[in-house]
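*Asks:* here is a sequence with its predicted model. Questions after.
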Amino acid sequence: MTNKTNSYTVKAFGVLVLLALLGGCAANPATGKRDYVLMSESEELALGRQHSKEVLKQYRVYDDPALQQYVQSVGDKVAKLSHRNNLFYRFTLLDSTQVNAFALPGGYIYITRGLLVYLNSEAELAAVLGHELGHVTARHSVRQHSMSTTTNLLGALIGAASGVQGVGQLTNMIGTGIVRGYGREHELEADGLGVEYLARAGYDPAAMEKVITTLKNQELFDKKVAREQGREPRAYHGVFSTHPANDTRLQQVLRKTSVKYRPTSSNQGQDVRFMQRLAGLTFGDSEKDGITKGNTFYHADINFKFSFPKGWLLSNQPSAIQIMAPKNEAFIQVSMQDLNKRLTPQQFMKTRMGIDKTIAEQAIRLPGYKAYSIVTKGKTPYGQKKVRVTVLVEGVRAFVILSSAKHDNQFARYDRDFLNSAKSFSKLSQQDRKKAKQLSLVNIKSNSRTRFSTLAKSSPIAHHSEDQIRLLNGAFPNGNIKTGDLVKIVR
């Protein structure tokens, strides 16, 4: 290709970009600025309806109609004073331990109980919902979708015009960079709009900074846990690297609203009514997903339990239970699969898992299960390593237990733990069913002797109990308890 042809291609690219940008500009409902969008409001609403169905396939709605109605009422109070108050907003509390809230196009807004449990006032709840409203009113998802669509289209056009292989892929990467580059701007814009909506609704705008501080504290706590587990920490409100009080741009956004607010009763002192509403809210795993007590996991609905090594951390994911050794030196994963035909554990390993070669094999005697265990080489999070595979067949389902060590020379050290966990599987007794109860929030009134350290000693929270009680009460890492205040604990 000649330089002249290259010049034509670059010019054509410039014209395509200009035409795309000019053709897709529309006024932003929240800011009044001209934004680049390729989607009408009707299409936006249809996209929201479509994705809301997908969300509810992945998450359960939290089973508490009164609390659901309360969340909706707080959201409505803020939404009716937003820039797009012509939309019907649906605020839904999800039964998830994730610390999260998110919005779909068209007014579908979700908050998890995993976040709600850490809020301490109605104003903070309104701040979370107001922030997500800001994403909807400013059409952030629509703008990101439009930018992504255009960069993909332009990449294909340039690739076809130039004949250069990989141009489309490169432009996709650039597009992703642009979209990610909007992350901080979109979050700041949503914070600013949320503060404005809070003030209009009569809530203290300072609640927005409290919520962001709560999320930042979750991040700091997770960094501490991640170091112990040998993994990467999670990021919350993922664009702020410093504490909110030290983030200059964030502070400018939070202080810029000119709207005056009239304090509501929920802004005066401790929000006792809000705390009382949260009493009984599930903390940690739900009984529907299984409960961890100490180093034993119980699942009443499926009727099984098993134990795992002390000091290891269990994470109950939708598709599997993952148990990690300290510093991520080894792992155990438990999953369940349906059977369509009668198979022995050995047949299951061969036909369903494709395992042909083994290093070691042994039968396991377990009441109520047909069980078999092997050692083979296979794919693990650590790469190609030795893996202990144990299959327990019970009726129309099979439990698959995969275990491995980060280093093959440490496999023998952990293999006894792997086998003992597999051999601990059993059906639940009546006593087990009493233990398989979920934890819930409880309010207690503090006195002059109430200390977080004392509360932690009697807490059923298995790991970092003092840190977690501090997080529940907005006192992480070193806040104090005021005499006479309600304090959230877990029972």
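*Replies:* Thanks, I have the structure now.

*Asks:* would you mind measuring from the residue nearest the centre of the chain to residue 194?
*Replies:* Residue closest to the average C-alpha location in the chain (Cα atoms, centre = their mean): residue 98, at 3.9 Å. Per Cβ to Cβ, to the nearest Å, residue 98 is found 20 Å from residue 194. For every residue, glycine as well, the C-beta is placed using N, CA and C.

*Asks:* could you do residue 102 as well?
*Replies:* 14 Å.

*Asks:* got it, and residue 440?
*Replies:* In terms of Cβ to Cβ, residue 440 sits 29 Å off from residue 194.

*Asks:* the two: which has the busier surroundings?
*Replies:* Taking other Cβ atoms under 10 Å, residue 440 and residue 194 do not tie; residue 194 has more neighbours (30 against 15).

*Asks:* for the more buried one, give me its contacts.
*Replies:* Going by Cβ atoms under 8 Å, 6 or more residues apart in numbering, residue 194 touches 127, 130-134, 208.

*Asks:* make a markdown table from those and add pLDDT, distance to residue 63 and secondary structure to it.
*Replies:* A markdown table is the format used below for the contacts of residue 194 (pLDDT from 0 to 100; distance: Cβ to Cβ, whole Å; DSSP: H, G, I helix; E, B strand; the rest coil):
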| residue | pLDDT | distance to residue 63 | secondary structure |
| --- | --- | --- | --- |
| 127 | 96 | 25 | helix |
| 130 | 96 | 26 | helix |
| 131 | 93 | 26 | helix |
| 132 | 93 | 22 | helix |
| 133 | 94 | 25 | helix |
| 134 | 92 | 29 | helix |
| 208 | 93 | 29 | helix |
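
*Asks:* quick one: which of these is most hemmed in?
*Replies:* Highest neighbour count within the contacts of residue 194: residue 130, with 35 neighbours (other Cβ under 10 Å).

*Asks:* excluding its backbone neighbours, what's nearest it?
*Replies:* Nearest non-adjacent residue to residue 130, counting by Cβ to Cβ, 6 or more residues apart in numbering: residue 194, 3.5 Å away.

*Asks:* wait, a helix at that neighbour?
*Replies:* Yes. Counting by DSSP: H, G, I helix; E, B strand; the rest coil, residue 194 is part of a helix.

*Asks:* so how far is residue 201 from it?
*Replies:* According to Cβ to Cβ, residue 194 stands 11 Å off from residue 201.

*Asks:* one step back: from what I can see the residue nearest to the centre of the chain touches residue 112, true?
*Replies:* Yes. If you go by Cβ atoms under 8 Å, residue 98 and residue 112 touch, sitting 5.0 Å apart.

*Asks:* quick one, helices of the stretch 201-350 of the chain?
*Replies:* Per DSSP state H, counting those that start in this stretch, the stretch 201-350 of the chain carries helices over the ranges 206-229, 248-255, 272-278, 345-351.

*Asks:* adding distance to residue 119, write those helices out as JSON lines.
*Replies:* Below are the helices of the stretch 201-350 of the chain laid out as JSON lines (distance: least, Cβ to Cβ, whole Å):
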{"stretch": "helix 206-229", "distance to residue 119": "7"}
{"stretch": "helix 248-255", "distance to residue 119": "18"}
{"stretch": "helix 272-278", "distance to residue 119": "8"}
{"stretch": "helix 345-351", "distance to residue 119": "46"}
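
*Asks:* among these, where is the model least confident on average?
*Replies:* Among these, helix 248-255 has the lowest mean pLDDT, at a mean of 85.

*Asks:* wait, what's in contact with residue 134?
*Replies:* Counted by Cβ under 8 Å, 6+ apart, residue 134 has contacts 30, 189-194, 197.

*Asks:* out of those, who's nearest residue 216?
*Replies:* residue 191 (12.9 Å; Cβ to Cβ).

*Asks:* if we can go back for a sec, list the contacts of the residue nearest to the centre of the chain.
*Replies:* Applying Cβ under 8 Å, 6+ apart, the residues near residue 98 are 112, 114-115.

*Asks:* try 6 Å
*Replies:* 112, 114 (Cβ atoms under 6 Å, 6 or more residues apart in numbering).

*Asks:* which SS class is it?
*Replies:* Secondary structure state of residue 98, per three-state DSSP, is coil.

*Asks:* I'd like the numbering to begin with 56 instead of 1 from here.
*Replies:* With the count now opening at 56, the last piece we talked about shows up as residue 153.

*Asks:* next up, phi/psi of it, please.
*Replies:* Backbone dihedrals for residue 153, given as degrees, to the nearest 10, come out at phi -60, psi 140.

*Asks:* can you list the weak-confidence ranges in the stretch 156-305 of the chain?
*Replies:* With pLDDT under 70 as the threshold, the stretch 156-305 of the chain has low-confidence stretches at 198-238, 291-297.

*Asks:* kindly recompute the last result at 80.
*Replies:* The model of the stretch 156-305 of the chain has pLDDT under 80 over residues 195-240, 289-298, 300-301.

*Asks:* just the strands in it please.
*Replies:* 156-159, 163-167 (DSSP state E, counting those that start in this stretch).

*Asks:* how close does residue 350 sit to residue 103?
*Replies:* Distance, residue 350 to residue 103, using Cβ to Cβ: 43 Å.

*Asks:* next, format the contacts of residue 249 as TSV and append distance to residue 162.
*Replies:* Shown next, in TSV, are these (distance: Cβ to Cβ, whole Å):
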residue	distance to residue 162
182	18
185	13
186	14
187	10
188	8
189	12
263	20
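
*Asks:* closest to residue 415 out of those residues?
*Replies:* Checking the contacts of residue 249 one by one against residue 415 (Cβ to Cβ), the nearest turns out to be residue 187, at 52.6 Å.

*Asks:* right, and that closest one touches residue 160 too?
*Replies:* No. The criterion here is Cβ atoms under 6 Å, and residue 187 misses it with residue 160 at 11.9 Å.

*Asks:* now do the same contact list for residue 356.
*Replies:* Contacts of residue 356 (Cβ under 6 Å, 6+ apart): none.

*Asks:* again, 7 Å this time
*Replies:* Residues in contact with residue 356 (Cβ atoms under 7 Å, 6 or more residues apart in numbering) are residue 343.

*Asks:* likewise for residue 151?
*Replies:* 114, 167-169.

*Asks:* relative to residue 115, how far out is it?
*Replies:* From residue 151 to residue 115 the distance is 8 Å (Cβ to Cβ).

*Asks:* again, but for residue 522
*Replies:* 27 Å.

*Asks:* so for these two, which sits in the more crowded spot?
*Replies:* Just comparing residue 522 and residue 115: by other Cβ under 10 Å the higher neighbour count belongs to residue 522, 19 against 12.

*Asks:* that one contacts residue 276, correct?
*Replies:* Yes. Taking contacts as Cβ atoms under 7 Å, residue 522 lies within contact range of residue 276: 5.7 Å.

*Asks:* overlap in contacts of those two?
*Replies:* Common neighbours of residue 522 and residue 276 (Cβ under 7 Å, 6+ apart) are residue 531.

*Asks:* all set now, cheers.
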